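Undergrad: okay, sequence plus prediction incoming.
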Amino acid sequence: AQRVTQPEKLLSVFKGAPVELKCNYSYSGSPELFWYVQYSRQRLQLLLRHISRESIKGFTADLNKGETSFHLKKPFAQEEDSAMYYCALSAVPGGGNKLTFGTGTQLKVEL
Amino acid sequence: KAGVTQTPRYLIKTRGQQVTLSCSPISGHRSVSWYQQTPGQGLQFLFEYFSETQRNKGNFPGRFSGRQFSNSRSEMNVSTLELGDSALYLCASSLEREAGRAYEQYFGPGTRLTVT
């Protein structure tokens, strides 16, 4: 069975402080991991995916297969980073697009 | 490029009724997935359609069904509504998975269903 765990419902940091949103997954094969973000009154949208190994809006995430983790990091938080962040896993042996989401972490960046 | 659209945006139904929600994917996207979002359970996968065929299915009762048309538009239907079906229903479209790689899913604004 696939499972994604985001242990923090709410993470509050000050502007300029480092951010780390935790994500752990459970899957026996080789999953694909994503971070989706939902800003206030906006649609859910892709932030980044592990396969691209890119930095988006200063955020990075590294897939650690040994620890089955895919934590999202940013060195200096900005006010506009305040949003709901969802870690998601895609693992469909038979093909297709199915995402298993974590419960999400609300990031609040305070001035 | 126009985004994913969902209609209606809000819906109020009574227990026992049925409801049909509609989703129009981004032009060129043939994969359409549906998710249910509730405060208690979060985002849960309902099903995925591709080329008018259901390709993947989540763990929801048979009261939840869907279909996809030849133009890739999709509908989902919930019969015999229960109070617990109150949720935000999200539709997402995507390009086809290729060479083992999952593509980005583009989400619609959702349909807020309230069952009274």
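TA: Ah, there it is.
Undergrad: who in chain B is up against chain A?
TA: With the criterion set to CB under 8 Å from any CB of the partner chain, chain B comes near chain A through B:3, B:31, B:33, B:35, B:42-45, B:48, B:50, B:55-56, B:58, B:90, B:92, B:94, B:97, B:101-109. Bear in mind the C-beta positions are built from the backbone N, C-alpha and C, glycine included.
Undergrad: what's around residue 10, how many residues?
TA: In the absence of a named chain, this looks at chain A. A:Leu10 has 10 neighbouring residues, counting by other CB atoms under 10 Å in any protein chain shown.
Undergrad: hmm, no, I was thinking of chain B.
TA: Considering only other CB under 10 Å, B:Tyr10 is surrounded by 9 other residues.
Undergrad: and it, what pLDDT?
TA: pLDDT for B:Tyr10: 97.
Undergrad: go on, B:Lys1?
TA: 69.
Undergrad: now the residues of chain B next to chain A: which count as buried?
TA: In those, burial by neighbour count holds for B:31, B:33, B:35, B:42-45, B:48, B:50, B:55-56, B:58, B:90, B:92, B:94, B:97, B:102-109, counting by 16 or more other CB atoms under 10 Å in any protein chain shown.
Undergrad: give me the subset of those residues lying in helices.
TA: Taking DSSP state H, every one of these sits outside helices.
Undergrad: just the ones of the residues you listed in strands?
TA: Counting by DSSP state E, these place B:31, B:33, B:35, B:42-45, B:48, B:50, B:55-56, B:90, B:92, B:94, B:106-107 in strands.
Undergrad: and the furthest pair within the residues you listed?
TA: B:Gly42 and B:Phe50 (24.4 Å; CB to CB).
Undergrad: so how far is B:Leu90 from the residue lying closest to B:Ser86 once chain neighbours are set aside?
TA: Excluding the flanking residues, the one nearest B:Ser86 by CB to CB, 6 or more residues apart in numbering or on different chains is B:Val115, at 4.8 Å. Distance, B:Val115 to B:Leu90, by CB to CB, to the nearest Å: 17 Å.
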